[in-house]
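Colleague: Predicted model follows, preceded by the sequence.
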Amino acid sequence: IQFGVTFTHNLAMVVGSLSLTIGVNTVTKSISNMGFSLGMQSIFNTIAGFNGWQMAALVGCTACAAYYVTLQVMQIVALVKAVGQSIQETVQQVQQNQAQAQGQAVAA
């Protein structure tokens, strides 16, 4: 069961990464070539012409891209929290060291 879960996760991450990259590149090129309004209209017209299997693939790839983005954002948030906590601990340690140094200076 663990192999199946890991395989599915990894597959979703790969498909999500590729889907996101291809989607962003397609939208960017379309907007660059035709302008925003015509570019988006072209994309929506293309999607409107999809058959059932193509629409199912689009939904699946979009779900994988959303999964990929969600996990990436969660990792970034965890990293920012860890960096913030590390900075806070460092500041507290410096303050403690300064207080000890001042205490020793007063005692001397």
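Modeller: Right, received. Where do you want to start? Everything quoted here is computed from the prediction, not taken from an experiment.
Colleague: contacts, neighbours, all on C-alpha from now
Modeller: Fine.
Colleague: Could I get the phi/psi values of residue 41?
Modeller: Per-residue torsions, residue 41: phi -60, psi -40 (degrees, to the nearest 10).
Colleague: which secondary structure elements does the host helix or strand of residue 85 contact?
Modeller: For residue 85, the element it lies in under DSSP states H and E is helix 52-107. Here helix 52-107 touches helix 2-34, going by 3 or more Cα pairs under 8 Å, 6 or more residues apart in numbering; DSSP states H and E.
Colleague: Can you point out the buried residues in the helix it packs on?
Modeller: Of the residues in helix 2-34, 12, 13, 15, 16, 17, 18, 19, 20, 27, 30, 31 count as buried by neighbour count, 16 or more other Cα atoms under 10 Å.
Colleague: Just give the nearest non-adjacent residue to the first one, would you?
Modeller: It refers to residue 12. Using Cα to Cα, 6 or more residues apart in numbering and skipping the chain neighbours, the partner closest in space to residue 12 is residue 64 (5.2 Å).
Colleague: dump the residue contacts of that neighbour.
Modeller: If a contact means Cα atoms under 8 Å, 6 or more residues apart in numbering, then residue 64 has 12, 13, 15, 16, 17, 19 as its contacts.
Colleague: From what I see, the last one and residue 61 are in contact.
Modeller: This points to residue 19. Yes. With contacts counted by Cα atoms under 8 Å, residue 19 reaches residue 61, the gap being 5.9 Å.
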